[in-house]
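Chemist: Quick one, fold the following:
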Amino acid sequence: MKKSPRRSCMGLFLVATVACLIGPATAADNGGGEFLRHEDFQGRPALVLSNDIIEVTVLPFGGAIASIVLKDDGGKMNPMWDALRAGREAGRAPRAGRAVGHFVCVDGFGPVSAEEREAGLPGHGEAHTLPWVLRSAKKEGRVARLVQSVQLSRVHEVYTRTMEIADGENVVHVRGTLENLLDFDRPVRWTEHATIGSPFLEPGVTVVDMSRNRAMTRPDRGDRPGVIHRLPAGEEFEWPMAPSAEGEKIDLRAAPVSPNSLDHTGHLMDPDQRLAYVTALHPKKRLLLGYIFKQAESPWLQIWESYPPTGVMARGLEFGTQAFDRPARQVISQNRLFGALLYRWLPAKGRIETSFLMFWTPTPEGFLGVDDIQIEAGRIRIRDETSGKVITLNTSKSL
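Modeler: Numbering: from 1, shown residues only. Next up, the predicted model:
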């Protein structure tokens with residue numbers, strides 16, 4: 001997977017308590033240690049899935065992957081966006097159901113119409129606004145598995161997610177299944193809203209890389225008073241060098257040194273490559289977050305750049321079925337961009353799946369970015385062509 005050139009419950013009752021949805025308090029692995037435990041994350045109940053290398057924190061309410069940390073990292077650096085912390089630092093009271101980290105937008109990605117809002121449909125789909133049911137949690141051999149599901153009652157779908165981690169690996173394998181409870185085919189919108197945040201996201205330091213793609217700035221950027229856009233609307237460009245509003249070129253790999261802007265870019269991942277990737281690297285802290293996904297399942301990547309002058313930044317690495325977060329009518333009416341479809345078909349009484357790999361790993365000294373990722377023979381090989389360095393990660397799961 002070569003990158004672009006780098007230039008510089010069923011039966012879910014909403015009145016049920018979260019505690020009864022979480023399931024068993026702990027589960028023991030074959031050696032007697034815990035692979036799943038209950039904890040608290042920013043005042044919310046959480047499940048922590050772990051092996052001997054990484055710990056992944058999942059929120060039973062909303063299903064967000066709120067944290068991923070290395071067990072031997074004393075500072076427990078978490079690359080994920082922590083909207084709860086950001087709200088507190090901005091002086092706002094915590095908002096019920098506020099999404100954090102990596103949450104799933106299904107069925108829907110973006111705002112809703114006035115009619116949908118009146119009917120009670122939330123933006124970004126229902127899944128992140130509901131409690132999820134723990135279907136099973138077990139460990140077989142080296143592999144720990146967590147299965148959760150949530151019934152999307154307004155759109156009559158059921159979403160089920162399986163997460164697996166194996167001992168000795170920095171990799172999380174995630175498989176999502178969406179089931180149609182209705183008797184007709186329908187277009188669906190499904191995006192993995194993976195989002196990094198400060199302090200991992202540091203101005204002028206943390207860099208984002210991705211596999212080869214065709215890029216465009218957001219056409220309908222929604223100019224609002226007080227909101228500054230660095231990028232013009234609706235212009236194609238070759239990642240990472242985008243046109244600025246002043247007609248110059250901006251390297252989008254890193255956030256600006258002096259943050260004070262909001263922008264979106266959409267990327268069609270190369271259809272000639274079966275797998276695509278997006279990564280975020282903090283070269284000073286020598287830590288790398290990455291996602292590998294199937295182009296046929298998630299052909300689009302939206303980069304959301306939220307860089308307020310407060311410094312509490314967020315950057316979305318959002319891979320899924322559409323280029324930009326927009327209402328359903330607009331997406332379905334537009335149908336395609338760059339010749340590629342902006343939604344997936346969910347068959348009557350049928351199911352579709354999406355799977356991806358998520359990794360969190362230290363990097364060697366001098367590792368500056370990701371130019372290529374290959375998966376072969378149980379290994380993920382991550383190459384930086386500038387330094388000539390290669391990171392090799394074990395993975396018991398491929399795609």
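Chemist: Ignoring the adjacent residues along the chain, who's closest to residue 303?
Modeler: residue 265 (4.7 Å; Cβ to Cβ, 6 or more residues apart in numbering). Yep, even glycine has a C-beta here, placed from its N, CA and C like the rest.
Chemist: For residue 50, see how far away the residue lying closest to residue 153 once chain neighbours are set aside is.
Modeler: Take residue 153 and drop its neighbours on the chain: the residue closest to it by Cβ to Cβ, 6+ apart is residue 126, 7.5 Å away. Using Cβ to Cβ, to the nearest Å, we find residue 126 at a distance of 29 Å from residue 50.
Chemist: just residue 251 next, same as before
Modeler: Going from residue 251 to residue 50 by Cβ to Cβ gives 37 Å.
Chemist: re earlier: surely the residue nearest to residue 303 and residue 213 touch.
Modeler: No - in this structure, residue 265 is not within contact of residue 213 by Cβ atoms under 8 Å, at 9.7 Å.
Chemist: Now for these two: what residues contact both?
Modeler: Common contact partners of residue 265 and residue 213 (Cβ atoms under 8 Å, 6 or more residues apart in numbering): residue 239.
Chemist: about what we covered before: of residue 251 and residue 50, who's got more company?
Modeler: residue 50 (20 against 14; other Cβ atoms under 10 Å).
Chemist: Would you list the phi and psi of the residue nearest to residue 303?
Modeler: When read as degrees, to the nearest 10, the backbone of residue 265 gives phi -130, psi 140.
Chemist: need the contact list for it.
Modeler: Residue 265 neighbours (Cβ under 8 Å, 6+ apart): 215-218, 231, 239, 242, 252, 302-303, 305.
Chemist: Check residue 333 too.
Modeler: Contacts of residue 333 (Cβ under 8 Å, 6+ apart): none.
Chemist: related to what we said a few turns ago, neighbour-wise, which one of the contacts of residue 265 leads?
Modeler: In terms of neighbour count, residue 239 stands highest of the contacts of residue 265 at 25 neighbours, by other Cβ under 10 Å.
Chemist: roughly how far apart are that one and residue 300?
Modeler: For residue 239, the distance to residue 300 equals 14 Å [Cβ to Cβ].
Chemist: Report the buried residues of stretch 308-319.
Modeler: By neighbour count on 16 or more other Cβ atoms under 10 Å, the buried set for stretch 308-319 is 308, 311-319.
Chemist: can I get the residues you listed in CSV with distance to residue 360 and pLDDT?
Modeler: Shown next, in CSV, are the buried residues of stretch 308-319 (distance: Cβ to Cβ, whole Å; pLDDT from 0 to 100):
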residue, distance to residue 360, pLDDT
308, 26, 92
311, 23, 83
312, 21, 88
313, 19, 93
314, 18, 96
315, 16, 98
316, 17, 98
317, 13, 98
318, 18, 98
319, 17, 98
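Chemist: out of those residues, which are inside strands?
Modeler: Members of these lying in strands (criterion: DSSP state E): 314-319.
Chemist: wait, which of the residues you listed is closest to residue 136?
Modeler: Proximity of these to residue 136 (Cβ to Cβ) peaks at residue 319, which lies at 26.4 Å.
Chemist: now stretch 213-224: how far from the chain's centre is it?
Modeler: 19 Å (Cα atoms, centre = their mean, to the nearest Å).
Chemist: Kindly report the same for stretch 310-317.
Modeler: Here the centre of mass of C-alpha atoms in stretch 310-317, compared against the chain's by Cα atoms, centre = their mean, lies 14 Å away.
Chemist: Need the contact partners of it.
Modeler: Residues outside stretch 310-317 that contact it (Cβ under 8 Å, 6+ apart): 81, 83, 85-86, 89-90, 193-198, 201, 203, 208, 255, 259, 278, 280, 291, 301-307.
Chemist: So that I can see them in PyMOL, could you write out a selection of the buried residues among those residues?
Modeler: Buried residues within the contacts of stretch 310-317, by 16+ other Cβ under 10 Å, are selected in PyMOL with:
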select buried, resi 81+83+85+86+193+194+195+196+197+198+201+208+255+259+278+280+291+301+302+303+304+305+306+307
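Chemist: Tell me which of the contacts of stretch 310-317 fall in strands.
Modeler: Per DSSP E, the subset of these in strands is 193-197, 208, 278, 280, 291, 301-307.
Chemist: of all the residues you listed, which two lie farthest apart?
Modeler: Comparing all pairs in those by Cβ to Cβ, the longest separation belongs to 291 and 307, at 21.2 Å.
Chemist: For residue 383, state which of the contacts of residue 265 is nearest.
Modeler: The closest of the contacts of residue 265, once distances to residue 383 are taken by Cβ to Cβ, is residue 239, at 17.6 Å.
Chemist: Surely that closest one touches residue 269?
Modeler: No - shown here, residue 239 and residue 269 do not form a contact pair, counting by Cβ under 8 Å, at 10.8 Å.
Chemist: Overlap of the contact sets of these two?
Modeler: Contact criterion Cβ under 8 Å, 6+ apart; residues shared by residue 239 and residue 269: 210, 213.
Chemist: Can you tell me the element residue 172 falls in?
Modeler: If you go by DSSP states H and E, residue 172 is part of strand 171-180.
Chemist: average pLDDT for that strand?
Modeler: Strand 171-180 comes out with an average pLDDT of 98.
Chemist: Only the buried residues of stretch 206-215, if you could.
Modeler: Residues of stretch 206-215 classed as buried: 206-215 (neighbour count, 16+ other Cβ under 10 Å).
Chemist: Strands of the stretch 151-300 of the chain, start to end?
Modeler: In the stretch 151-300 of the chain, the strands defined using DSSP state E, counting those that start in this stretch lie at 157-166, 171-180, 186-188, 190-197, 207-210, 213-217, 236-237, 241-243, 249-251, 261-269, 275-282, 287-294, 300-307.
Chemist: The stretch 1-150 of the chain too?
Modeler: Going by DSSP E, counting those that start in this stretch, the stretch 1-150 of the chain shows strands at 27-28, 34-41, 44-50, 54-58, 65-70, 103-106, 133-140, 143-152.
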